[in-house]
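Visitor: sequence below, structure please.
(2 chains)
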Amino acid sequence: MKKNWPILVVDDEDVMCESMAAWLSEDGYRVDTAPNGQQAVELARASDYAICFVDLKMPGGMDGIETMMEIHRVRPDASIIIITAYATVDTAIQAMKEGAQEYIVKPCNPQEISMLVSRILKLKKLQSENAILRKKLTRQYRHHDVITKNPRMGEILALTQEVASLRSTVLIRGESGTGKELIARAVHFSGNRAEKPFIAVSCAALTETLLESELFGYEKGSFTGAMAQAKGKFELADGGTIFLDEIGDISPKLQADLLRVLQERRFYRVGGTQEVEVDVRVIAATNRNLAEEVQQGRFREDLFYRLNVIEIRLPPLRERREDIPLLAEHFVQRISSELGKDVNGISTEALKLLIAYDWPGNVRELENVIERAIVTCHNGMLDEQDFSWLQRAGSQPQSWEVPDVPLGELERRAIVAALERKHGNVKEASTALGIDRSTLYDKLKRYEISH
Amino acid sequence: MNDLCLVPIGSVPGKALDWIENATAEWFPLPIRRMPALAIPESAYDSKRKQYQSVEMMKLLAQSAPRDAARVLGIVDVDLAIPMLSFLFGQAQFDGPIAVVSLCRLHQEFYGLPAQENLLRERTVKEVLHELGHTFGLVHCSEPTCAMSLATHIELVDSKAERYCERCGMQLVQRFSREG
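Guide: Below you'll find the predicted structure:
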């Protein structure tokens, strides 16, 4: 049931209300009906209707336009569709002026109304996604949103507060998926630069030339395709923070350019002759051991010391296993609400499985795993079965073995598998199992098979 | 388990009832009972629109259905509509016992084309599976080839298959195993 998008039909004719409600409920919508404007407004006070179909002419009391205006007073976001039996330009114009989203003449083609409903609901879905994303943005960057009870992470959080308002460069080390950017944002948004831009650049994603123009910008005509002057990330981050992710991957030339910016806070745009001065705090991150890269001659020692003024080393998830249940619960709540799924928690057995796993992709992998489980989950609770593939992913392929279970259980499993293969067609499933249909129905009842 | 009653309303080709019986037997674990034909109620005819009100057909089926019927499927060969919509291929009580399917717009002749019996059979089966699916709580499916996808014109009926998709099929099985 598409319960998030209830619909109201307002018409004085019972047959109109009943038949529209029946037709829309086949599409999975919850539909309420009202025989007049007063009752419609009462219902709208209690339910947040996405769409209200309102008949223009209703004898006695409020007409369609008045009803629409009253509904809008209590539910400004409801989309009103005015229905009329006669197309007159005047009433159409009046209805639209007063705030109707659409105006339709009955009887209309089923396709017309089906497309209209899905178009309005698509827009509402985008609006609600937008609201979620906005909420997510403000929530995600607040310092206390880093979820942990691990003592080492606690020390790191305290350090980010201490250094938040300094200008010193920060180097964050940690494996992929440990939350390096989240910590960088925590530093930026806790300090006095919070109102200024935070610009993140992944240095590994671009080639040397592209990264150079991305970071420092370019002058018009400095290369083919440079049609106009463009600002680089350093200029865009002026007054704020630039986050250089995967810093260990940059070329020797860019290492030299970056060193110059850190020392002099000035640089040239690509193809430029005039120096640009900026006030930018640099936070760099890497999953490599930069000290070792320096020893091997792959990373400039002077740049390393310039970057490594404040060092933060983020532990991998396997070294903070006590955080796994907290993070998992947090992801379940957040993702199930974003996806509109009714999943409320994780079973103890499933949590044991998550705690035992080594998480080479760290918190990001945990987040993805929870999302995948929620998408395929059919109950209100994630259990071991929802993560069974996680175990399989870590183990060697095995030959098929008959499990040590009662014979009835084997039969039950064979029936479920056959039904799945045959898309629920009982006739085909019974043929595949070599039994007749009535026997299969008996067994379905006996084993209370549910998918 | 109670019966699935097939009820012709007005004149309906006998072949169509055979097709419907075979298709329903394949998907639903209910004994199928063919009922004697009912007359089309005069109140159903809308002379302005030259169509028949589907709601009246549903009422008729509800009144005349045997008490032990699990589902009652009415079949008509006249054009159905509701006040809001210009036509309907069929209608069902969502998660309820009554459904009706119209063959009228499933005939090629309705579109000025020569009759094609096999095409009529396919379309009939698809619409019967669709409306009965609603009576068992299935909503419209986003998979265009599934019998439960919404068809608002005949080309969309033709692009469906004479079967439910995996998800809808499993939902039905689940329902039957729960209800016994």
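Visitor: span of stretch B:105-125 from start to end?
Guide: 14 Å (CA to CA, to the nearest Å).
Visitor: report the contact partners of the nearest residue to residue A:433 once chain neighbours are set aside.
Guide: Leaving aside its chain neighbours, residue A:433 sits nearest to residue A:418 (5.1 Å; criterion: CB to CB, 6 or more residues apart in numbering or on different chains). Every residue, glycine included, has its C-beta placed from N, CA and C. Contacts of residue A:418 were listed using CB atoms under 8 Å, 6 or more residues apart in numbering or on different chains, and they are A:429, A:432, A:433.
Visitor: go again with 10 Å.
Guide: A:425, A:426, A:428, A:429, A:430, A:431, A:432, A:433, A:434, A:435, A:440 (CB atoms under 10 Å, 6 or more residues apart in numbering or on different chains).
Visitor: the host helix or strand of the third one packs against which elements?
Guide: Assigned by DSSP states H and E, residue A:428 falls within helix A:426-433. With contacts defined as 3 or more CB pairs under 10 Å, 6 or more residues apart in numbering or on different chains; DSSP states H and E, the packing partners of helix A:426-433 are helix A:407-421, helix A:437-447, helix B:14-27, helix B:166-179.
Visitor: quick one: contacts for the residue in the stretch 151-300 of chain A positioned nearest to chain B?
Guide: Relative to chain B, the nearest point of the stretch 151-300 of chain A is residue A:177 (32.5 Å; CB to the nearest CB). Residue A:177 sits next to A:287, A:314, A:316-317, A:359-368 when contact means CB under 10 Å, 6+ apart.
Visitor: for chain B, list the residue farthest from the centre, please.
Guide: No residue in chain B sits farther from the centre than residue B:48, which is 25.1 Å out by CA atoms, centre = their mean.
Visitor: part of a strand, is that residue?
Guide: No - looking at residue B:48 with DSSP: H, G, I helix; E, B strand; the rest coil, it is coil, so not inside a strand.
Visitor: relative to residue B:83, how far out is it?
Guide: Distance, residue B:48 to residue B:83, using CB to CB, to the nearest Å: 11 Å.
Visitor: swap in residue A:125?
Guide: Per CB to CB, residue A:125 is found 29 Å from residue B:83.
Visitor: cool, and residue A:76?
Guide: Taking CB to CB, one finds residue A:76 at 29 Å from residue B:83.
Visitor: among these two, which residue is more densely surrounded?
Guide: residue B:83 (22 against 8; other CB atoms under 10 Å in any protein chain shown).
Visitor: what's the burial count for the residue in the stretch 101-250 of chain A positioned nearest to chain B?
Guide: At 3.6 Å from chain B, residue A:111 is the closest residue in the stretch 101-250 of chain A, using CB to the nearest CB. When neighbours are defined as other CB under 10 Å, residue A:111 has 15 of them.
Visitor: now residue 147. Its backbone dihedrals?
Guide: Using chain A here. phi -90, psi 120 (degrees, to the nearest 10).
Visitor: is the helix or strand hosting residue A:83 anywhere near chain B?
Guide: Here residue A:83, judged by DSSP H and E, is contained in strand A:79-84. Yes - interface with chain B: strand A:79-84 contributes residue A:83 (CB under 10 Å from any CB of the partner chain).
Visitor: could you dump that strand to PDB, C-alpha only?
Guide: What follows is strand A:79-84, C-alpha atoms only, in PDB (Å, rounded to 0.1, in the frame of the first residue of the first chain):
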ATOM      1  CA  SER A  79      -2.500  19.100  -4.800                       C
ATOM      2  CA  ILE A  80      -6.100  19.800  -5.800                       C
ATOM      3  CA  ILE A  81      -7.600  18.500  -9.000                       C
ATOM      4  CA  ILE A  82     -10.900  20.100  -9.800                       C
ATOM      5  CA  ILE A  83     -13.400  17.800 -11.600                       C
ATOM      6  CA  THR A  84     -16.300  19.100 -13.600                       C
END
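Visitor: what packs against it?
Guide: strand A:2-10, strand A:51-55, helix A:64-74, helix A:89-97, strand A:102-105, helix A:110-140.
Visitor: and with 8 Å instead?
Guide: strand A:51-55, helix A:64-74, helix A:89-97, strand A:102-105, helix A:110-140 (3 or more CB pairs under 8 Å, 6 or more residues apart in numbering or on different chains; DSSP states H and E).
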